[in-house]
Structure formats: structure tokens, C-alpha cells
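# Here is a sequence together with a model predicted from it:
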Amino acid sequence: MNPHCSRCNRIVYPTEKVNCLDKYWHKGCFNCEVCNKTLTMTNYKGFEKRPYCNVHYPRAGFTPVADTPENIRLKQQTMLQSQVHYREEFEKQKGKAFSVVTDTPELQRLKRTQDQISNIKYHEEFEKSKSTHHPQSNPTPASQNYHHDPTPEPVRQAAAAPPPSAVKRYRAVYDYAAADEDEVSFMEDDVIVDVQLIDEGWMYGRVERTGQLGMLPANYVEAI
């Protein structure tokens with residue numbers, strides 16, 4: 001006796017019979033329960049003895065469990081056990097060093113802010129110390145003087161009225177460009193006259209070629 005189709009409830013003959021999910025189907029009736037797509041034995045998915053395509057196959061979700069008296073009792077017992085374990089761990093950790101805190105994004109931001117504040121304070125203290133202290137630099141040993149600059153930058157120091165010099169004529173050995181309004185510029189081999197020494201680094205004189213009068217570095221000239 002031929003069975004009936006599970007879809008159309010008509011007789012299914014052997015030439016068009018599909019035996020699947022413990023039921024019999026016509027080949028044309030074996031389709032998806034949602035989109036009615038015709039299925040085969042290789043691409044169907046069964047759920048509760050119903051055929052579905054891969055797209056509309058029901059995904060089983062979590063079923064909420066009602067809070068029965070037994071579930072409530074188990075929940076309370078679990079909480080009590082957790083508190084007991086917490087107290088045990090707390091007692092074990094008492095007196096020990098604190099654990100390292102993980103660097104969360106908020107802690108990293110606070111750390112960067114503190115570093116910036118520390119850098120600002122450091123530079124402020126450094127500038128204050130520079131304005132109040134002027135330590136003399138140690139001379140460089142001859143063995144470490146790897147580079148000799150023929151035109152060293154002069155260090156100008158304030159001084160009182162310059163005394164007259166015994167030697168009044170000097171010759172420039174380097175070119176010099178005035179850096180301040182009270183200084184004088186000159187070129188190599190210029191003659192400096194009416195010279196007055198101020199200190200070991202600076203002198204006062206007039207360039208004979210230009211007639212300009214002013215301050216000039218002593219290590220840029222030599223006595224004639």
C-alpha cells in the first residue's frame with residue numbers, strides 16, 4: 001500500500017517518493033516550511049521533523065527558567081558559598097602586598113597627565129636654578145679636544161669704564177659681525193686703533209678702515 005504525503009496528504013507513488021524525517025513526501029512537496037524552497041536530501045535541515053533551508057533553519061535560543069522555590073534555594077546557597085570563599089581569600093591576602101592594578105584606559109590617561117605635570121614642574125625648577133646659579137664650566141682636557149674652532153664665539157661680560165691700554169694698535173685675525181648695537185664689525189687684517197682693554201674677553205676700539213667705534217672680542221685680534 002502506498003503511503004500519503006506529509007505535505008499534501010495525497011498518495012505517494014514509488015517513482016516520486018522521498019523518505020525523510022520519518023515521513024514520506026512527494027519530491028515537489030519536500031520544501032522549506034518558511035520560504036517554500038524545493039529541497040533535496042543533501043541541502044535540507046530538519047527541525048522537529050520539519051524540513052527547512054539553511055537560511056530559515058530555526059536556531060535554538062536560551063529558554064528562561066522560572067524562579068521556582070528550588071531554584072531560589074539553590075541561588076541563595078550559591079551566594080552563601082561565594083561569600084564564604086571571598087572571606088577565605090580575604091583572610092589569606094591580609095598582610096600581603098597589594099596586587100598590581102591593571103592599566104585601564106582611565107589609569108593610563110591619569111598617568112600621562114601626572115607625567116606632563118611633573119615635566120612642567122621640573123622645567124620650572126630648572127629655569128629658576130639657572131637664573132640664580134651660574135656654575136663655571138670645567139676646562140676640557142687637551143686629550144678630549146677633538147675639534148678646534150679657529151673662530152670661537154666670545155663670551156661677553158659686563159665691566160666698568162675701560163682703562164687705557166699700553167698697546168693701542170691691533171690687527172684683526174678673523175672676520176667679526178657685530179651682535180649688539182654697542183659692538184663694531186670688522187674684517188680680517190683690519191687695523192683697530194685707540195684700543196682700551198675691558199677684560200680678558202672684550203676690548204673697546206675703532207676700526208681704522210671704517211671709522212666705527214665700539215666693543216669687539218679680544219680673541220679676534222692680535223697686537224701689532
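Now that the structure is in, tell me what you want to look at. Numbers count the residues shown, from 1 in each chain.

# make it CA atoms for all contacts and neighbour counts henceforth
Fine.

# what ranges do the strands span in the protein?
Taking DSSP state E as the test, the strands found in the chain are 17-20, 23-26, 45-47, 50-52, 170-172, 191-197, 202-207, 213-217, 221-223.

# Look at H85 and say how many residues are nearby.
H85 has 12 neighbouring residues, counting by other Cα atoms under 10 Å.

# out of the strands of the chain, nearest to K92?
Set against K92 and scored by Cα to Cα, the strands of the chain come closest in strand 45-47, at 52.6 Å.

# for that closest one, which positions count as buried?
By neighbour count with 16 or more other Cα atoms under 10 Å, strand 45-47 contains the buried residues K45.

# Also stretch 213-224?
Here stretch 213-224 shows L213, G214, M215, L216, P217, A218, N219, Y220, V221 as buried, counting by 16+ other Cα under 10 Å.

# Format the residues you listed as CSV; extra columns: distance to F186 and pLDDT.
Formatted as CSV, those follow (distance: Cα to Cα, whole Å; pLDDT from 0 to 100):
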residue, distance to F186, pLDDT
L213, 11, 94
G214, 11, 94
M215, 11, 93
L216, 9, 94
P217, 11, 93
A218, 13, 91
N219, 13, 92
Y220, 10, 94
V221, 10, 94
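
# now, the most widely separated pair of those residues?
Across those, the longest distance by Cα to Cα is 17.6 Å; it joins L213 and N219.

# Please read off the pLDDT at V34 from the model.
For V34, the pLDDT comes out at 91.

# Give me the number of neighbouring residues for it.
So V34, with other Cα under 10 Å, has 12 neighbours.

# Contact partners for it?
Shown in contact with V34 (Cα atoms under 8 Å, 6 or more residues apart in numbering): Y52, H56.

# Before I go, just wanted to say thanks for your time.
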